[in-house]
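Enquirer: below is the structure, and that's it, no one-letter string:
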Ligand SMILES: Nc1ncnc2[nH]cnc12
Ligand SMILES: [Zn+2]
C-alpha cells in the first residue's frame, strides 16, 4: 500500500497520456502532427518551460467534448489512486480551451462528471482550481473569472500559470481581488523560472495562500525565512524541475535544503504525462535519489494534507492525517 498523500499541484491537461491523445484525436477527427505514440513521446525533450508549453497547448486540440474532459479526469484519478492519492486539488486552464472555441461549461461539466464520482469510483476527494494564463492579458483573466461565475459551486480557487518570465503576478492584482471577493482560494505559480520578487508579489499583491513551485526563493534568504515563519506551503514538483531544466539533475534538487530550512514543502507531479511520473513515482524518486528518510517522506505526506484546502471539512483532514501517521513503510 502506498503512503497516503494529497496532490496539490497537478494540471489536468498535463495528465494527457500520448495513448489517450491519439484516442481522442481519432474520436474527434483532429489531425495530430505525429504518426505514432512513439513519435509523440520522442517530442518530450524540453529545453525549458516554453518548449514544454508549446506542446502542452498543441495537444489540447484533441479535447473537445464533455466526455473528453471526463475521460481525462477519470484516467488521472485512477492512476493517482493507485499511487496513494487520497485528495487532489486539480488545476485546469480555461483559456487554453475557450480561445480555441471550446466553451467553459464543456470543460467544467466534463471534469465534474469524473470528479463528482471520484470518491465513489476511486476513493479520491477533489477540488478544482481554475488557472489564468499569465501570458494572456489581465482583461482576459477577468473575462474568464466572469464567465466562471455560473460554475463557482464547483471551483474552489484560482491559480496563475503558463510562461512566467516577463509576466509578474502584479499584472493580475485586479482579478485576484475579484476572486477573493467571490470567496475563492488563491494560489499562483511563482519562482519556477521567475525571480524571488515574483514570489513576494504573489504573496503581497495577490494574497496567495500557497506558492506553486517557489523554487527560486532560495536565492533570497530573507524570503526563505518569511516562508518558514508564515508556514506558507510550497507545492514543489521535482520531476518537472528536472525535465524543464530548472535544476540540472534530480540529485541537485533543493528539496532537502528547503525542508531543512523549515519550509512547509509538498511534492507533486505538475504534468505527469510529460515529466515521467505521477506523484507516487515522484515520492519514490526523491527517496531514492535524494536519500529522504521515512520521517521526511511522512512529513511530506503530512504537509500535503495540512496545505490542502480542506478547511470546510476538518474531519476529513483529520482522517487523512491519521492515515499518514498510521502508515507503516514496507
Ligand atoms: N509547470 C508549469 N508551469 C507553468 N505553467 C504550466 N502549465 C502547465 N504546467 C505548467
Ligand atoms: Zn504547474
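Expert: Received it, and whenever you're ready, just let me know what you need. Remember, it's a predicted structure, so these values are computed and weren't measured experimentally. Ligands and ions are numbered 1, 2, ... in the order given.

Enquirer: downstream neighbour of the strand or helix carrying residue 121 in the secondary structure list?
Expert: Counting by DSSP states H and E, the element that carries residue 121 is helix 118-122. Using DSSP H and E, the next helix or strand after helix 118-122 towards the C-terminus is strand 125-133.

Enquirer: who's in contact with stretch 61-81?
Expert: Stretch 61-81 is contacted from outside by 7, 10, 12-13, 15-17, 20-21, 24-25, 27-28, 30, 32, 88, 90, 97, 100, 102, 106-107, 109-111, 113-115, 118, 121-124, 126, 272, 278-279, using C-beta atoms under 8 Å, 6 or more residues apart in numbering. In short, each C-beta sits where N, CA and C put it, glycine included.

Enquirer: what's the pLDDT at residue 273?
Expert: We note a pLDDT of 98 for residue 273 in this prediction.

Enquirer: quick one: the closest residue to it other than its chain neighbours from residue 84, how far?
Expert: Distances taken as C-beta to C-beta, 6 or more residues apart in numbering put residue 17 closest to residue 273, at 4.7 Å, once the chain neighbours are dropped. In this view, residue 17 and residue 84 are 19 Å apart by C-beta to C-beta, to the nearest Å.

Enquirer: residue 320 now?
Expert: 11 Å.

Enquirer: with neighbour numbers in mind, choose between the two.
Expert: A side-by-side neighbour count of residue 320 and residue 84, using other C-beta atoms under 10 Å, places residue 320 first with 23 against 20.

Enquirer: with adjacent residues omitted, what lies nearest to the more buried one?
Expert: residue 305 (4.6 Å).

Enquirer: that neighbour reaches residue 85, doesn't it?
Expert: No. Counting by C-beta atoms under 8 Å, residue 305 does not reach residue 85; the two are 11.2 Å apart.

Enquirer: quickly list what's touching both of these two.
Expert: 5, 6.

Enquirer: which one of those two has more residues nearby?
Expert: Counted by other C-beta under 10 Å, residue 305 and residue 85 do not tie: residue 85 has more neighbours, with 27 against 24.

Enquirer: the closest residue to that one other than its chain neighbours: how many residues sit nearby?
Expert: Nearest residue to residue 85, sequence neighbours excluded (C-beta to C-beta, 6+ apart): residue 7, at 5.1 Å. Neighbours of residue 7 under the rule other C-beta under 10 Å: 30.

Enquirer: measure residue 7 to ligand 1 for me?
Expert: 14 Å (C-beta to the nearest ligand atom, to the nearest Å).

Enquirer: around ligand 1, which positions in this structure sit nearby?
Expert: 11, 14, 49, 56, 161, 162, 189, 192, 240, 270, 271 (C-beta under 6 Å from any ligand atom).

Enquirer: so who does the first one touch?
Expert: Each residue near residue 11 by C-beta under 8 Å, 6+ apart is listed here: 56, 91, 92, 93, 131, 161, 270, 271.

Enquirer: what about residue 109, which helix or strand?
Expert: Using DSSP H and E, residue 109 falls in helix 104-115.

Enquirer: can you tell me what sits against that helix?
Expert: 12, 64-74, 77, 90, 92, 94, 97-98, 126, 128, 144, 147-148, 150-151, 154-155.

Enquirer: mind checking which of the residues you listed are buried?
Expert: 12, 64, 66-74, 77, 90, 92, 94, 97-98, 126, 128, 144, 147-148, 151, 154-155 (16 or more other C-beta atoms under 10 Å).

Enquirer: which of those fall in helices?
Expert: 66-74, 77, 94, 97-98, 144, 147-148 (DSSP state H).

Enquirer: now for residue 33: which residues touch it?
Expert: residue 58.

Enquirer: distance check, it against ligand 1.
Expert: 20 Å.

Enquirer: quick one: that residue is in a helix?
Expert: No. Residue 33: not assigned to a helix; according to DSSP: H, G, I helix; E, B strand; the rest coil it is coil.

Enquirer: that one and residue 21, how far apart?
Expert: Counting by C-beta to C-beta, the gap from residue 33 to residue 21 is 12 Å.

Enquirer: same check on residue 313?
Expert: 35 Å.

Enquirer: between the two, who's got more neighbours?
Expert: residue 21 (23 against 14).

Enquirer: quick check: the more buried one touching residue 43?
Expert: No. Here residue 21 lies out of contact with residue 43, judged by C-beta under 8 Å, at a distance of 11.2 Å.

Enquirer: hey, where'd the strands end up in this protein?
Expert: 5-11, 85-92, 125-133, 157-161, 185-190, 210-213, 234-236, 265-267 (DSSP state E).

Enquirer: what's the longest one in contact with?
Expert: The contact list for strand 125-133, computed with C-beta under 8 Å, 6+ apart, reads 11, 77, 86-96, 108, 111-112, 115, 118-119, 140-141, 144-145, 148, 154-162, 172, 175, 185, 187, 308-309, 316.

Enquirer: one more pass at 6 Å, please.
Expert: Outside strand 125-133, the residues that touch it by C-beta atoms under 6 Å, 6 or more residues apart in numbering are 87-91, 93-95, 115, 118-119, 141, 148, 154-162, 309.
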